[in-house]
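Participant: build the 3D model from these lines:
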Amino acid sequence: MNMEPFDLVIANGQIVTAADTYTADIGVRGEKIACIGRGLRGRRTIDASGCLVIPGAVDVHVHLQMPLGDITSSDDWRSGTMAAAHGGTTSIVDFVDPLPGQPPLQALEERLAEAEGQACIDYGLHMVLSDVSGKTLAQLSRMIDVGIPTFKLFMAYEGKCLTDDQLYLALREIARLGALALIHAENYPIIRLFVRELLAEGKTEPRWHPRSRPAIMEGEATGRLIALAEMAGAHACIAHISCAAVVCQIRAARARGLPIYGETCPQYLVLTQDVYERPDFEGARYVCSPPLRAEEDQAALWKALADGTLQVISTDHCPWWWQDKERGRGDFSRIPGGVPGIETRLSLTYHFGVRAGRLTPQQWVNLCCTRPAELFGLPGKGKIQVGADADIVIFDPERVMPLTAERLHSQVDYSIYEDITVRGWPRATISRGRVLVEDGRFIGLVGHGRFIRRRLV
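Facilitator: Residues are numbered from 1 along each chain as shown. Down below sits the predicted model:
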């Protein structure tokens, strides 16, 4: 038995996993968890007394440095991953979105070049499929070979929205390859119709955004997608679920044994559509798609997380400078969609989930850490066990944190949670044995993050 001191020991903390809670020390050698026991000796020891010790959080849906026409989302790879680390997230999955006619492998190389030397935490990538020609579908197996086994399909947005036959072709190939589809499910023809009608009536303010994308049509699109996935034999995860109508569709599909999964986000769990009514264009900061919904939708989402209907809490982090949001003055449809959230997910779901009695600590860890890593194929992530990556968060359940723009670390000039103060915040974030953040200070290394070659099991 190796009696040498461990490189790092996290002592006296209450370890919380997706299945259990217990008190023990964690010994780290190099980048891996080497031992879980009591009385471990380390070259450095962090006393975690009074804290929860959990796996590093895994956010499988973020948009860093994402171009939209002539603007780009405000967090780049450096600022976004640094903010993630402050909030206890040690792995993310972003996107590769090829330009029209661009070979997917070339788009991947360009995306990897952007992240190289800039990412502070480990990262994977989904591949966006806007082109489902035979030539493109023939390249999907190569994507899987290089570590991208998940593909994003859109039922919304100009230039990305796939027709039903195109969706089916993509899902059929994804099923053949044993890959996973991640779906943005909304009824885009209805959205376009409602936007045209609202603008023609002079209804241009942010308050009309949710009225142009009704919950019932998000549910309709999800039901249609589930039918197509069932015919194709595909595994599919519905992204950023906002409403009870979608929950009902997924619950029914899973009751029939279909491999359909669901992801929601903190903004849908904490905020409601009332924020779009705020004066002076302030509602624009909350514009995202699908929109924020009513309180009854929020309640349905919490229940679905607790009963296992939904498996993943991600962020869909996509921040824009306020000046970019202001492009939509006079036309709500021109407001860039997306909200910041990469830093606040773990604490928001602890405060409003665990503290409020909606989730157990184990469910919280499963939804934010373990299940995302399992479902989206991040080997060694999201768990505390010997041999796993030493991605660990020491979480102080009593630390109070106002979620104001000046206290958070995303590269954006506002917070959508400005009026919220949470109780529960990371005291330290560790990635592959390296302490990245301690007591609110980033002490890690820019460029520490590695590309994760993911594989589904």
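
Participant: so which strand or helix has Arg172?
Facilitator: Using DSSP states H and E, Arg172 sits in helix 164-177.

Participant: gap between that helix and the chain center?
Facilitator: Put simply, helix 164-177 sits 24 Å off its chain's centre (Cα atoms, centre = their mean, to the nearest Å).

Participant: other SSEs contacting it?
Facilitator: Applying 3 or more Cβ pairs under 8 Å, 6 or more residues apart in numbering; DSSP states H and E, we find helix 164-177 packed against helix 134-137, helix 140-145, strand 150-154, strand 180-184, helix 215-232, strand 235-238. C-beta coordinates here come from the backbone N, C-alpha and C atoms, glycine included.

Participant: my read: Val132 touches Leu169, true?
Facilitator: Yes: counting by Cβ atoms under 8 Å, Leu169 is a contact partner of Val132 at 5.1 Å.

Participant: related to what we said a few turns ago, got the angle between the helix holding Arg172 and helix 215-232?
Facilitator: 50 degrees (axes from the mean of the first three to the mean of the last three Cα atoms, to 10 degrees).

Participant: pull out the buried positions in helix 164-177.
Facilitator: Buried residues in helix 164-177, counted by 16 or more other Cβ atoms under 10 Å: Gln166, Leu167, Tyr168, Leu169, Ala170, Leu171, Arg172, Glu173, Ile174, Ala175, Leu177.

Participant: right, and the fourth one touches Leu140 too?
Facilitator: No: counting by Cβ under 8 Å, Leu169 does not reach Leu140; the two are 11.3 Å apart.

Participant: lowest average confidence across the helices and strands packed on helix 164-177, which one?
Facilitator: When those are ranked by mean pLDDT, helix 134-137 comes last with a mean of 94.

Participant: distance from the chain centre to that one, please.
Facilitator: Mean-position distance between helix 134-137 and its chain equals 28 Å (Cα atoms, centre = their mean).

Participant: which neighbouring elements make contact with it?
Facilitator: Secondary elements touching helix 134-137 (3+ Cβ pairs under 8 Å, 6+ apart): helix 164-177.

Participant: CA atoms of the helix it packs on as PDB?
Facilitator: C-alpha atoms of helix 164-177 as PDB (Å, rounded to 0.1, in the frame of the first residue of the first chain):
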ATOM      1  CA  ASP A 164     -40.100  17.100 -40.100                       C
ATOM      2  CA  ASP A 165     -38.600  14.900 -42.900                       C
ATOM      3  CA  GLN A 166     -35.100  16.400 -42.300                       C
ATOM      4  CA  LEU A 167     -35.500  15.800 -38.500                       C
ATOM      5  CA  TYR A 168     -36.400  12.200 -39.200                       C
ATOM      6  CA  LEU A 169     -33.400  11.700 -41.500                       C
ATOM      7  CA  ALA A 170     -31.000  13.100 -38.900                       C
ATOM      8  CA  LEU A 171     -32.600  11.100 -36.100                       C
ATOM      9  CA  ARG A 172     -32.400   7.900 -38.100                       C
ATOM     10  CA  GLU A 173     -28.700   8.300 -38.700                       C
ATOM     11  CA  ILE A 174     -28.100   9.300 -35.000                       C
ATOM     12  CA  ALA A 175     -30.000   6.200 -34.000                       C
ATOM     13  CA  ARG A 176     -27.900   4.000 -36.300                       C
ATOM     14  CA  LEU A 177     -24.700   5.300 -34.800                       C
END
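
Participant: report the angle between it and strand 180-184.
Facilitator: Using the same axes, to 10 degrees: helix 164-177 against strand 180-184 is 150 degrees.

Participant: hang on, the earlier thing: can you name the two of the buried residues of helix 164-177 that sit furthest apart?
Facilitator: Taking Cβ to Cβ, the two most distant members of those are Gln166 and Leu177; they sit 17.0 Å apart.

Participant: return the set of buried residues in stretch 36-51.
Facilitator: Quick answer for stretch 36-51 (16+ other Cβ under 10 Å): Ile36, Leu40, Gly42, Thr45, Ile46, Ala48, Cys51.
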